[in-house]
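# Build me a structure from this.
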Amino acid sequence: MAEVDCRAAELESVFARVAGRFGRADLRWRMRDYVRGLLGQAARKNGRQLAEWAGHRTPDGFQRLLTCQGLGV
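Numbers count the residues shown, from 1 in each chain. Alright, predicted model coming up:
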């Protein structure tokens, strides 16, 4: 269990370091959900399954995040 806690703390540290790249809180949370889904136990790693695993209604937010539309790039 200590290893899981350590990995969770490391992941939180990474999120804290990149949070400033996202101008809006909802984008930071979406990025966090997406990365957790990729590293987590989702059966498939496509947008729809990751969105469902993270509790999002649709994968639209993840798709916008990945195409940089949400980042103002």
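
# Just the residues contacting the helix or strand residue 50 falls within, thanks.
Element membership for residue 50, per DSSP states H and E: helix 47-54. With contact meaning C-beta atoms under 8 Å, 6 or more residues apart in numbering, helix 47-54 is reached by 33-34, 36-38, 40-43, 57-59, 61-63, 66. C-betas here are computed from N, CA, C, even on glycine.

# Now the helix or strand just after that helix: buried residues?
Using DSSP H and E, the helix or strand that follows helix 47-54 in sequence is helix 60-66. For helix 60-66, the neighbour count (16 or more other C-beta atoms under 10 Å) marks 61, 62, 65 as buried.

# Pipe those residues into a markdown table and attach distance to residue 17 and pLDDT per row.
Formatted as a markdown table, the buried residues of helix 60-66 follow (distance: C-beta to C-beta, whole Å; pLDDT from 0 to 100):
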| residue | distance to residue 17 | pLDDT |
| --- | --- | --- |
| 61 | 22 | 91 |
| 62 | 21 | 91 |
| 65 | 18 | 87 |
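
# Quick check: end-to-end length of stretch 11-25?
With C-alpha to C-alpha, to the nearest Å as the measure, the ends of stretch 11-25 fall 17 Å from one another.

# cool, stretch 42-61 as well?
18 Å.

# mind listing what's buried in it?
Buried-residue list, stretch 42-61, by 16+ other C-beta under 10 Å: 42, 47, 50, 51, 52, 53, 54, 56, 59, 61.

# will you turn those residues into CSV that also has distance to residue 19?
Below are those laid out as CSV (distance: C-beta to C-beta, whole Å):
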residue, distance to residue 19
42, 23
47, 22
50, 20
51, 21
52, 25
53, 22
54, 18
56, 19
59, 22
61, 17
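
# Check pLDDT for these and point me to the minimum.
Ranked by pLDDT, those bottom out at residue 42 (77).
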